[in-house]
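Visitor: The following comprises the amino acid sequence and a computationally predicted model.
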Amino acid sequence: MPQHCKSYNNYFGQFGGRYVAEVLRTPLDLLEEEFSAAMSDDRFWREFDTIGVQFVGRPTPLLFAENSSAALGGAQLYIKMEGLAHTGAHKINNAVGQALLARRMGKKRIIAETGAGQHGVATAAVCAKLGLECRVYMGEIDIRRQKPNVFWMQMYGAEVVPVASGSRTLKDAVNEALRDWAESFPDTHYLIGSALGPSPYPDMVREFQSVVGRETRQQTEALGLDVAALVACVGGGSNAIGFFAPYLEQAQPRLVGVEAGGTGDDPGRHAARMGGLGEPGIVQGYKSLFLLDEDGQVQPTHSISAGLDYPGIGPQLASLGASGRVEFRRARDQQALEAVRQFARNEGVVFALESAHGGAVALEIAAELQPHQAVVVNMSGRGDKDLFIMAGELDRAAWREFLLSEGDRL
């Protein structure tokens, strides 16, 4: 049985906390109490692990990127294949944990927000498995660019609610979910998908996603690897904080988070909060670093990946960046697309656009290191969901011809 933290602090340095309306204080207090009790309950973890094996498909493999490593001539590059988890991404680990917690609390209804759709699909699948009602809020823009995931959420029986307010992306989906929860919490659990929001959510998501980091550590130690760096993309931060979790209290290896560099450094062209671009602020119930304008309002963001265009970052990652334990870098849209192409052609693996941001930087880092060292990148999701975006970017003429022909047929 893995060891989990038995006590939690609402803050990570200056970041974190619980800045919510009075109506949400009671449900958050009850959630924190039940979460703390579950963390010490072996029966809870046995069920979590059993579902992980039988339903999620854990453990996920650690793949040696042999061809890429040979071409780079540097460190050995390994890929943690979270994209092979059921529903196609790491998101299902947290969805299972929180859904079990909700059932433990007697909740019958789950609400969630989603951007790229992977959290929504995972939540919908777990709710179908456990017999829970499910509603997912998703921005209208994200619904258009992630239509396959909308289809699968509905196939699992979830109600997908389009959000037309604000930028019509993930930030606004979170706002709508919070409004719903404020009116329905007696029988409803809000299943937040990333390591952000008011406490205890950042702690909960880290604990449920830490299965990724624990497996990675076991797998690399079994192979006797000299791991120099772990690399993961960072939107809100759920895959990164879970991947990094077992290593946070030690100086090595390097922990590298990769943000969405978009198309440039001007406001509205990226979603990079670290490196001086983000400002301290309190948004959606927690304090962290956000992309804010001079009036303190949240700025628009951009990323080719729907899962990385959130204007804030999880509070623990913000604190780890401030302390220097986690190093942050950026990858542009085109770098992510090129990484998708390279891993597909060299390794037969298609990264999700979010994960490809981490993949792009992992390739750079591996090329700089020595052959006896290893770099592990978390492929937090696979690229099936991004077919419409990637085909349009990488093979626009042929894809347009196909879509037009399908339109005529229908």
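Guide: Noted; the coordinates are in hand.

Visitor: what about Pro186, which helix or strand?
Guide: In this structure, Pro186 sits in neither a helix nor a strand according to DSSP states H and E.

Visitor: which other helices and strands contact the top helix by length along the chain?
Guide: Ranked by number of residues, the top helix in the chain under DSSP state H is helix 201-223. With contacts taken as 3 or more C-beta pairs under 8 Å, 6 or more residues apart in numbering; DSSP states H and E, helix 201-223 sits against helix 22-39, strand 62-64, strand 76-80, helix 91-104, helix 238-244, helix 315-323, strand 373-378. For the C-beta atoms, the positions are set from N, CA and C on the backbone; glycine is no exception.

Visitor: just how off-centre is the fifth one within its chain?
Guide: Chain-centre distance of helix 238-244: 8 Å, with C-alpha atoms, centre = their mean, to the nearest Å.

Visitor: And the next helix or strand past it?
Guide: strand 254-262.

Visitor: what stretches of this protein score poorly on pLDDT?
Guide: Applying pLDDT under 70 to the chain flags the ranges 1-9, 408-410.

Visitor: Walk me through the domains of it.
Guide: The record's domain parsing of the chain by automatic domain parsing lists 11-56+90-202, 62-87+210-394.

Visitor: Redo those domains as a markdown table? Include distance to Arg400.
Guide: Listed next are the domains of the chain as a markdown table, based on distance: least, C-beta to C-beta, whole Å:
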| stretch | distance to Arg400 |
| --- | --- |
| domain 11-56+90-202 | 16 |
| domain 62-87+210-394 | 8 |
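
Visitor: mind checking which of those domains is nearest Ser405?
Guide: Of all these, domain 62-87+210-394 sits nearest to Ser405, with 14.0 Å by C-beta to C-beta.

Visitor: Show the end-to-end separation of that closest one, please.
Guide: Its start and end residues considered, domain 62-87+210-394 measures 28 Å (C-alpha to C-alpha, to the nearest Å).

Visitor: With stretch 301-317 instead?
Guide: Using C-alpha to C-alpha, the end-to-end distance of stretch 301-317 comes to 19 Å.

Visitor: for stretch 310-319, same thing?
Guide: From its first residue to its last, stretch 310-319 covers 18 Å (C-alpha to C-alpha).

Visitor: Contacts only, for Glu279.
Guide: By C-beta atoms under 8 Å, 6 or more residues apart in numbering, Glu279 lies in contact with 289-292.

Visitor: whoops, Glu47 was the one
Guide: Contacts for Glu47 (C-beta under 8 Å, 6+ apart) come out as Leu100.

Visitor: Begin at 41, not 1, for the rest of this chat.
Guide: Renumbered: residue one is now 41, and that last one reads Glu87.

Visitor: measure it to Leu117 for me?
Guide: In this structure, Glu87 and Leu117 are 35 Å apart, going by C-beta to C-beta, to the nearest Å.

Visitor: Then Pro67?
Guide: Here Pro67 is placed at a distance of 44 Å from Leu117 (C-beta to C-beta).

Visitor: what about these two, which has more around it?
Guide: A count of neighbours by other C-beta atoms under 10 Å puts Leu117 above the other of Pro67 and Leu117, at 30 against 19.

Visitor: partner residues bridging the more buried one?
Guide: Here Leu117 sits in beta bridges with Val415, as judged by DSSP bridges.

Visitor: what's the spacing between it and Leu263?
Guide: Distance, Leu117 to Leu263, by C-beta to C-beta: 13 Å.

Visitor: Likewise for Ala396?
Guide: Ala396 sits 24 Å away from Leu263 when distances are taken as C-beta to C-beta.

Visitor: Neighbour count: these two, which is higher?
Guide: Per other C-beta under 10 Å, whichever of Ala396 and Leu263 has more neighbours is Ala396, with 35 against 13.

Visitor: Surely Ile150 is within a strand?
Guide: Yes: in this structure, Ile150 lies within a strand as judged by DSSP: H, G, I helix; E, B strand; the rest coil.

Visitor: correct me, but it touches Asp227?
Guide: No: using C-beta atoms under 8 Å, Ile150 makes no contact with Asp227, being 10.3 Å away.

Visitor: neighbour-wise, which of those two wins?
Guide: Between Ile150 and Asp227, Ile150 has the larger neighbour count (other C-beta under 10 Å), namely 25 against 12.

Visitor: got a list of what the more buried one touches?
Guide: Each residue near Ile150 by C-beta under 8 Å, 6+ apart is listed here: 139, 142, 163, 167, 172-175, 228-229, 231.

Visitor: Between the two ends of stretch 347-359, what distance do you get?
Guide: Stretch 347-359 has its terminal residues 21 Å apart, counting by C-alpha to C-alpha.

Visitor: which SS class is His147?
Guide: Small correction: residue 147 is Lys, not His. Put simply, Lys147 is coil when judged by three-state DSSP.

Visitor: Now it: closest residue in space that isn't a chain neighbour?
Guide: Once flanking residues are discounted, Lys147 sits nearest to His229: 4.4 Å by C-beta to C-beta, 6 or more residues apart in numbering.
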